[in-house]
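Student: 3D, please:
(one chain, ligands or ions: 1)
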Amino acid sequence: MRFSNKRGGTAADYTITTDGWAHSPPHSQTERHIPMPRDDSHLPTALQGLRVPLVASPLFIISVPELVIAQCKAGVIGSFPALNAREAEGEHPLLDTWLTQINEELDRHNQANPDNPAAPFAVNQIVHRSNARLERDLEICARHKVPIWITSLGAREEVNEAAHSCGGIVLHDVINNTFAKKAISKGADGLVAVAAGAGGHAGMQSPFALVREIRGWFDGPLLLSGAIATGEALLAARAMGADLGYAGSAFIATDEANAQPEYKQMIADGSAEDIVYSSLFTGVSGNYLRGSIQAAGMDPDNLPSADASSMNFGDGSSKPKAWKSIWGAGQGIGAVKSVGPAAGVVDRIADEYHAAGKRLAAEFAE
Ligand SMILES: Cc1cc2nc3c(=O)[nH]c(=O)nc-3n(C[C@H](O)[C@H](O)[C@H](O)COP(=O)(O)O)c2cc1C
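Tutor: Residues are numbered from 1 along each chain as shown. So this is what the prediction gives:
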């Protein structure tokens, strides 16, 4: 039995045989066909019909239009932080230019590929009191009708209202259940649960605990972030109760990412043991590559801590020098073996996701 999702281009055959394993057609007489459509009808339209239920998460400095467009064309939601679009003083806002470019390119793709349209994109707003650009960026995003808004470091009603005013939805990222409740009470539509092991600013809670606690009271859109770099991990996130996965580090080692070649290679060569959790670099605890800390002349095993008051987004970034030479990455990078096109990452995750789903479906078939 065939199931076509709303993007239209992908269809999956789930065929369970009496030997318990999934096979592709041709089918034998003894086979039963078990359809496994992904019922995403409970989700907002912007999150429906993806090739795999995945958001390629916003990455400071690294996510640029070329990467976002490649992610969306490959069938997952691409995203970037608004603060990545930084023009020189007096120039036209680069965010405006980027949004025009992304919308036009995705429109062109959709017209040329009506059976295989691109996924929508998201813009990340850092809602920290030191982000002096926030109001301007909200206006630009509302004008471009950005479909998905991801908010970090503060839940504010006026940001949610700006998103809703243009038909967008807001996903707010949180590291615990208290922040999750606060975000929804302020009007966010959904949550990104950032668990232990995530790249960049990360929580400390196990994904099992965090998703369970949030699902105890919230049945809206829930995404899980933290070391999701394989289709198996994505399927596990779904099994836990998340609607979509949220993956960042796997997309750093791609051709389209705005990162130094040495950074990309360090991701491809690294594993979970190469990740260090520290608050030193931005004032908020996060995960970084051990090798980049050593290259900056510091001892990754003896880092002093910093407090949250040292965060400053006033000039468009939080300690940009630190983020440029100290490289963020999550614990899932062991799955990344080489640098290549972003579409290749999506293909790999999609293949793994479907294979893992078939394997488990076979296990649970009577
Ligand atoms: C280098 C780097 C930069 C990041 N920058 C941002 C950012 O600007 N805004 C944000 O909301 N999250 C940011 N994140 C967090 C990611 O969006 C996401 O939560 C994380 O990458 C998921 O974990 P993973 O890397 O293990 O997949 C960043 C992560 C990394 C690794």
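Student: how many neighbours does the one residue in the stretch 251-366 of the chain that gets nearest to the ligand have?
Tutor: The ligand sits closest to Gly330 of the stretch 251-366 of the chain, with a gap of 2.2 Å, by C-beta to the nearest ligand atom. Every residue, glycine included, has its C-beta placed from N, CA and C. Residues within reach of Gly330, counting by other C-beta atoms under 10 Å, total 30.
Student: quick one, what contacts it?
Tutor: Shown in contact with Gly330 (C-beta atoms under 8 Å, 6 or more residues apart in numbering): 197-200, 202, 226-227, 229, 248-249, 275, 287.
Student: confidence score at it?
Tutor: For Gly330, the pLDDT comes out at 98.
Student: can you give me how far stretch 65-74 is from the chain middle?
Tutor: On the basis of C-alpha atoms, centre = their mean, to the nearest Å, stretch 65-74 sits 13 Å off its chain's mean C-alpha point.
Student: ok, now stretch 112-120?
Tutor: Offset of stretch 112-120 from its chain centre (C-alpha atoms, centre = their mean): 20 Å.
Student: Also stretch 205-219?
Tutor: With C-alpha atoms, centre = their mean as the basis, stretch 205-219 stands 18 Å off its chain's centre.
Student: Could you pull out the buried residues of it?
Tutor: For stretch 205-219, burial by neighbour count (16 or more other C-beta atoms under 10 Å) applies to 205, 207, 210-211, 213-214, 218.
Student: cool, stretch 87-103 as well?
Tutor: Residues of stretch 87-103 classed as buried by neighbour count (16+ other C-beta under 10 Å): 93-96, 98-99, 102.
Student: try stretch 61-70
Tutor: For stretch 61-70, by 16+ other C-beta under 10 Å, it's 61-70.
Student: if we can go back for a sec, need the contacts of Gly330 in TSV with pLDDT, secondary structure and distance to the ligand, can you?
Tutor: Shown next, in TSV, are the contacts of Gly330 (pLDDT from 0 to 100; DSSP: H, G, I helix; E, B strand; the rest coil; distance: C-beta to the nearest ligand atom, whole Å):
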residue	pLDDT	secondary structure	distance to the ligand
Gly197	98	coil	6
Ala198	98	coil	3
Gly199	96	coil	3
Gly200	90	strand	3
Ala202	91	coil	7
Gly226	98	coil	5
Ala227	98	coil	4
Ala229	98	coil	6
Gly248	98	coil	2
Ser249	98	helix	3
Ile275	98	strand	9
Asn287	96	strand	7
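Student: Just the closest of these to Glu89, please.
Tutor: Set against Glu89, the nearest of the contacts of Gly330 by C-beta to C-beta is Gly200 (27.4 Å).
Student: follow-up on the earlier one: helices - which of the buried residues of stretch 87-103 land there?
Tutor: Secondary structure from DSSP state H places 94-96, 98-99, 102 of the buried residues of stretch 87-103 in helices.
Student: Just send those back as a markdown table, with distance to the ligand and pLDDT too.
Tutor: As requested, these are exported to a markdown table (distance: C-beta to the nearest ligand atom, whole Å; pLDDT from 0 to 100):
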| residue | distance to the ligand | pLDDT |
| --- | --- | --- |
| Leu94 | 16 | 98 |
| Leu95 | 14 | 98 |
| Asp96 | 19 | 98 |
| Trp98 | 15 | 98 |
| Leu99 | 17 | 98 |
| Ile102 | 17 | 98 |
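Student: Farthest pair within these?
Tutor: Using C-beta to C-beta, those span at most 12.2 Å, a distance reached by Leu94 and Ile102.
Student: what ranges do the helices span in the protein?
Tutor: Using DSSP H, helices in the chain cover 65-73, 94-112, 134-143, 157-165, 177-185, 207-215, 231-240, 261-269, 290-295, 320-325, 342-364.
Student: what residue ranges in the protein are flagged as low confidence?
Tutor: Applying pLDDT under 70 to the chain flags the ranges 1-37, 307-324.
Student: how close does the spatially most central residue of it get to the ligand?
Tutor: Taking C-alpha atoms, centre = their mean as the criterion, Ser57 is the residue nearest the geometric centre of the chain, at 2.5 Å. Note on Ser57: its distance to the ligand, by C-beta to the nearest ligand atom, to the nearest Å, is 3 Å.
Student: so that residue makes contact with Gly226?
Tutor: No - the criterion here is C-beta atoms under 8 Å, and Ser57 misses it with Gly226 at 10.2 Å.
Student: Can you give me the domain boundaries for the chain?
Tutor: Domains of the chain are assigned by automatic domain parsing as 39-259+338-364, 261-332.
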